[in-house]
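[1] The following block contains a protein sequence and its predicted model.
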Amino acid sequence: MNIREIQLKDNERMAEIVREVIVEMGAPKVGTAYEDKALENLYETYNKERACYFVIEVEGKVVGGAGIAHLANEAETVCELQKMYFLGSTRGKGLGMKMMHTCLSKAQEFGYEQCYIETMPYMTDAQKLYKKAGFQYLEAPMGNTGHYSCPVWMLKKFI
């Protein structure tokens, strides 16, 4: 298992993984990451200041990823854990928590004080992971992610 920063060659595979998982989970294609324009160009999207996207490899193959970036329309101290998706064959093996620790450590290194995430109500395993990492539920969304089909909002404070 290897966690590393995304490379240009990973763009196509990560777009496939995100869309595959969204369909597998029964999430809508509209109002979710499925239709994000950035999905085809994750390397370029996260190749900017205070942003980073990581992929996880198992036996040399990319099986998932997650990123950190500023949350649009929020204070500069608020980031978002973005596009955290893993193939079904890799879930339940602790990879999500390792990836989350990698992303949250990078967020703190970037100087963020809070981290936001959105998810679907039936993605209970993901919510358990987020709660275990210190995220708490919110009553309303933050920022402007464009993911209006994701009605579960959570926030982790670093301070």
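    Thanks, I have it. Numbering: from 1, shown residues only.

[2] C-alpha from now on. contacts and neighbour counts both.
    OK.

[3] tell me the contacts of residue 120?
    For residue 120, the contact set (Cα atoms under 8 Å, 6 or more residues apart in numbering) comprises 27, 149-152.

[4] From these, pick the one nearest residue 108.
    residue 152 (23.3 Å; Cα to Cα).

[5] hang on, the closest one packs against residue 118?
    Yes: between residue 152 and residue 118 there is a contact under Cα atoms under 8 Å: 5.6 Å.

[6] Looking at those two, which has the bigger crowd around it?
    residue 118 (25 against 18; other Cα atoms under 10 Å).

[7] leaving aside the residues next to it on the chain, what's closest to the more buried one?
    In space, residue 118 comes closest to residue 153 once its chain neighbours are excluded; the distance is 4.6 Å by Cα to Cα, 6 or more residues apart in numbering.

[8] Check that neighbour and give its pLDDT.
    For residue 153, the pLDDT comes out at 96.

[9] so where does it fall, helix or strand?
    strand 152-157 (DSSP states H and E).

[10] Parallel or antiparallel, list what pairs with that strand.
    Here strand 152-157 is paired, per DSSP bridges, with strand 114-119 (antiparallel), strand 136-137 (antiparallel).

[11] Which of these has the highest mean neighbour count?
    Stretch with highest mean neighbour count among the strands paired with strand 152-157: strand 114-119 (a mean of 23; mean count of other Cα atoms under 10 Å).

[12] I'd like the next helix or strand past it.
    helix 124-132.

[13] any idea where the strands of this structure begin and end?
    2-5, 52-58, 61-70, 78-86, 114-119, 136-137, 152-157 (DSSP state E).

[14] what's the closest of the ones you listed to residue 96?
    Closest among the strands of the chain, once you apply Cα to Cα, is strand 78-86, at 7.8 Å.

[15] ok, the closest one: who's next to it in the sheet?
    As assigned by DSSP bridges, strand 78-86 forms pairs with strand 61-70 (antiparallel), strand 114-119 (parallel).
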